[in-house]
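J.: quick check, what structure comes out for this input:
(chains A and B)
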Amino acid sequence: MEKPRVRFAPSPTGYLHVGGLRTALYNYLFAKKNGGIFYLRIEDTDRKRYVEGSVEKLIHSLDWAGLKYDEGVYQTAEIKDDKIKVIGSPNYPGIIEVGNFGPYIQSERLDLYKKYAQELVEKGHAYYCFCEPERLEKLREEQTAQKQAPMYDRYCLRNLDQEEINKNLKSNCSHTIRLRVPRDERIEFEDMIRGKVSIDSNTIDDQVLMKSDGFPTYHLASVVDDHLMGTTHVIRGEEWLPSTPKHILLYRAFSWDVPEFAHLPLLLNPDKTKLSKRQGDVAVEDYVKNGYLKEAIINFVALLGWHPGEGETQEIFSLDELEKIFDIKKVHKAGAVFDLKKLDWINAQYIKKLSLEELLEKTRPFFEQKDFYIDATADKKTDEYLKKVLRIEHERLSKLSEVGESNKFFFQNILYDKNLLRWKEMADEDLESSLEKSRSVLENISDWNLDTLTRSLMEAAGDKKGDFLWPLRAALTGEQKSPSPMEVAWVLGKKESVKRIKEALGKI
RNA sequence: GCCGCCAUCGUCUAGCCCGGUCCAGGACGCCAGGUUUUCAUCCUGGAAAUCAGGGGUUCGAAUCCCCUUGGCGGUACCA
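T.: Reported below is the predicted structural model:
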């Protein structure tokens, strides 16, 4: 395969969707695997749906995920080669466009679309339509009532002569340009994932190409851009499959080479409908906020709809590894349910790989949001202390956001419940002597580290471990469930541990 | 309604192209047991898919063909 050029072309309607992330990832991997170019284009042809700040968010999320693109839209970029064109976006302050196929923002390419739409009209592949939305609406209603597929009836194609069209145009009559879809033809193409796809041209509507506001629709804009920007492979979501024949018709009308297509299976809600906001988080930034690592999200999303194939049982893959083994032919056809449980597990795997320093760095923002942390005394906010907590929690964490949540006793005073201290049917005297013993053992430890603590306490416990360890643990934590007493004591330090034992003793 | 795509454990999936080695393998989750008290980690084991249903081809089908059903997507001057 010669050097492919692929793109990710989101619309700035708010944020990066996890489905979009996967589309971007597959494009990225395809480019990397085949030594090609991956570029980012912004498809902002619908002004009604534009959300302020989304372009920045899109760029930021892609950057966060580590999906570096070679051309397109950036906030900051390092340009080493002075042959590469760089412009500041006229429409988006602070955004720059880097690459020789720009502009990469569709709202900045309006003249281009207009020119190509006119070319289509001249060649007879498209025509002006002056129908008002009300007429179209009524037509659609009638057709639906008669159980027909709603389709434009070609009123303007059939009834308007050139003179009338010119007159309308001259008087600035609101109009669109529609694709003239040929009749009685079978449009076929070979999808890289699905194989041969075939559709009867009679079922294809005369799609609007240019809207009355002077903006192109997706169909025209993406075809023109994909051609002009040298796109060799169009890898996008399955929702585009039904409109691909229209795009093929467009390429043909222009006499342009048709790129290869790959339509990715959808990401699904647990009820198998298309993944939606209503049923959970869909924005990549939400997952970040919830304590997921980028490596985990990438890894998880890569495996939704793709698998390296026979004999491979590895489940944890880094981006580097994915770049080497990705094969678009192995992408599935069926949609995949987005299963949070598996994501959590993958996330836990990546958390375990983190060093204590890295873990501290990544969890600090989460600590700082927690009440128990905010209210804690200064000695419990030091890096040293936090690292001790983290050392204990490391293997218990499946999300960064859970940090400290189940071990708040590390940061705050606890409430003692006498009955919690008691192991099984223990008598008061035994409880008391057990805790006294703990106190003296701890007080006599001079070398306060986990090994010494473990050795001393296990030795003191003898063969009645429950009688000794349970009351100690309960006194230290005030909880039914917690890490072991040696771990807790180690984090808390001698002074605090002894203090808590004394307080527990006072309750008996 | 019309058009299109899809269909293996609850979920992600291997196997399907090149029929037998698959009374279907792995992972997540779940259950049980073990690992220096509880939790977590880790280890071991288990339940879990008549391969959507039916018909065909074949000595033999999860794998090839046809039909049915179901699900999803599209059907906009949204992408």
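
J.: got a list of contacts for stretch A:448-467?
T.: Here stretch A:448-467 makes contact (Cβ atoms under 8 Å, 6 or more residues apart in numbering) with A:423-424, A:426, A:430, A:434, A:437-438, A:441-442, A:445, A:468-469, A:472, A:485-487, A:489-490, A:493-494. C-beta: built from backbone N, CA, C; applies to glycine.

J.: of those residues, buried ones?
T.: For the contacts of stretch A:448-467, a burial check counting by 16 or more other Cβ atoms under 10 Å picks out A:423, A:426, A:430, A:434, A:437-438, A:441-442, A:445, A:468-469, A:472, A:485-487, A:489-490, A:494.

J.: of those, which are in range of RNA strand B?
T.: The overlap between the buried ones among the contacts of stretch A:448-467 and the neighbourhood of RNA strand B (criterion: Cβ under 7 Å from any atom of the strand) consists of A:423, A:469, A:485, A:486.

J.: helix, strand, or coil at the residue nearest to the first one when sequence neighbours are not counted?
T.: The shortest distance from residue A:423 to any residue other than its chain neighbours is 3.8 Å, reached at residue A:470 (Cβ to Cβ, 6 or more residues apart in numbering). Look at residue A:470: counting by DSSP: H, G, I helix; E, B strand; the rest coil, its state is helix.

J.: where's residue A:470 relative to residue A:392, distance?
T.: Relative to residue A:392, residue A:470 is positioned 18 Å away (Cβ to Cβ, to the nearest Å).

J.: try residue A:345
T.: When Cβ to Cβ is applied, the distance between residue A:345 and residue A:392 equals 20 Å.

J.: which of those two has more residues huddled nearby?
T.: When residue A:345 and residue A:392 are compared on other Cβ atoms under 10 Å, the one with more neighbours turns out to be residue A:392, at 19 against 14.

J.: quick one: pLDDT of that one?
T.: The model reports residue A:392 with a pLDDT of 96.

J.: how about the contacts made by it?
T.: When the contact criterion is Cβ under 8 Å, 6+ apart, the partners of residue A:392 are A:407, A:483, A:487, A:488, A:490, A:491.

J.: and what of residue A:296?
T.: Residue A:296 makes contact with A:343, A:346, A:347, A:349, A:350 under the criterion Cβ under 8 Å, 6+ apart.

J.: next, count neighbours for residue A:95.
T.: Counted by other Cβ under 10 Å, the residues lying close to residue A:95 total 19.

J.: just to check, it is in contact with residue A:77?
T.: No - using Cβ atoms under 8 Å, residue A:95 makes no contact with residue A:77, being 10.5 Å away.

J.: residue A:198 pairs with what?
T.: Using DSSP bridges, the bridge partners assigned to residue A:198 are residue A:188.

J.: same deal with the one 10 residues further on?
T.: When bridges are called by DSSP bridges, residue A:208 pairs up with residue A:178.

J.: sort out for me which of the ones next to RNA strand B among the buried ones among the contacts of stretch A:448-467 are in helices.
T.: A:469, A:485, A:486 (DSSP state H).

J.: out of those residues, which comes closest to RNA strand B?
T.: Minimum distance to RNA strand B across these is 3.6 Å, recorded for residue A:469 (Cβ to the nearest atom of the strand).

J.: can you redo the ones next to RNA strand B among the buried ones among the contacts of stretch A:448-467 as JSON lines with pLDDT?
T.: Conversion of those to JSON lines gives the following (pLDDT from 0 to 100):
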{"residue": "A:423", "pLDDT": "84"}
{"residue": "A:469", "pLDDT": "94"}
{"residue": "A:485", "pLDDT": "96"}
{"residue": "A:486", "pLDDT": "95"}
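
J.: possible to save those residues as CSV with distance to residue A:8?
T.: Written out in CSV, the entries for those read as follows (distance: Cβ to Cβ, whole Å):
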residue, distance to residue A:8
A:423, 59
A:469, 55
A:485, 52
A:486, 51
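
J.: in the residues you listed, find the pair that's most separated.
T.: Of all pairs drawn from those, the one with the longest distance (Cβ to Cβ) is A:423 and A:486, at 16.5 Å.

J.: any idea how far residue A:79 is from residue A:487?
T.: Applying Cβ to Cβ, one obtains 52 Å for the distance of residue A:79 from residue A:487.

J.: what distance do you get for residue A:324 to residue A:47?
T.: For residue A:324, the distance to residue A:47 - Cβ to Cβ - is 42 Å.

J.: please apply the same query to residue A:378.
T.: Residue A:378 sits at a distance of 52 Å from residue A:47 (criterion: Cβ to Cβ).

J.: tell me which of those two has more neighbours.
T.: Set residue A:378 next to residue A:47 and count neighbours by other Cβ under 10 Å: residue A:47 wins out with 10 against 7.

J.: ok, the more buried one - contacts?
T.: With contact taken as Cβ under 8 Å, 6+ apart, residue A:47 is in contact with A:213, A:215.

J.: what about chain A, which residue is the most distant from its middle?
T.: residue A:429 (57.8 Å; Cα atoms, centre = their mean).

J.: helix, strand or coil for that one?
T.: Local secondary structure at residue A:429 is given as helix here, using three-state DSSP.

J.: what sits against it?
T.: So residue A:429 contacts nothing (Cβ under 8 Å, 6+ apart).

J.: ok, which pair from the contacts of residue A:392 is furthest apart?
T.: Comparing every pair within those by Cβ to Cβ identifies A:407 and A:490 as the most remote, at 12.8 Å.

J.: any idea of the mean pLDDT in stretch A:161-178?
T.: In this model, stretch A:161-178 has an average pLDDT of 94.

J.: list the buried residues in stretch A:46-60.
T.: Residues of stretch A:46-60 classed as buried by neighbour count (16+ other Cβ under 10 Å): A:46, A:54, A:55, A:57, A:58, A:59, A:60.

J.: what of stretch A:367-374?
T.: By neighbour count on 16+ other Cβ under 10 Å, the buried set for stretch A:367-374 is A:367, A:370, A:372, A:373.

J.: can you pull out the residues in contact with it?
T.: A:381, A:386, A:403, A:404, A:405, A:408, A:411, A:412.

J.: now swap in stretch A:304-313 and tell me
T.: Counting by Cβ under 8 Å, 6+ apart, stretch A:304-313 makes contact with A:22, A:26, A:264-265, A:267, A:314, A:325-327, A:330-332, A:335-336, A:338, all of which sit outside it.

J.: make it 10 Å
T.: Contacts of stretch A:304-313 from elsewhere in the structure, counted by Cβ atoms under 10 Å, 6 or more residues apart in numbering, are A:18-19, A:22, A:25-26, A:29, A:193, A:238, A:264-268, A:275, A:302, A:314-315, A:317, A:321-322, A:325-339, A:342-343.

J.: sorry, back to before: can you redo the ones in helices among the ones next to RNA strand B among the buried ones among the contacts of stretch A:448-467 as a markdown table with distance to residue A:499?
T.: Formatted as a markdown table, the entries for these read as follows, by distance: Cβ to Cβ, whole Å:
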| residue | distance to residue A:499 |
| --- | --- |
| A:469 | 19 |
| A:485 | 15 |
| A:486 | 17 |
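
J.: and which of those is nearest residue A:38?
T.: For these, the minimum distance to residue A:38 (Cβ to Cβ) is 51.0 Å, reached by residue A:486.

J.: pretty sure the closest one contacts residue A:473?
T.: Yes - Residue A:486 lies in contact with residue A:473 (Cβ atoms under 10 Å); the separation is 9.2 Å.
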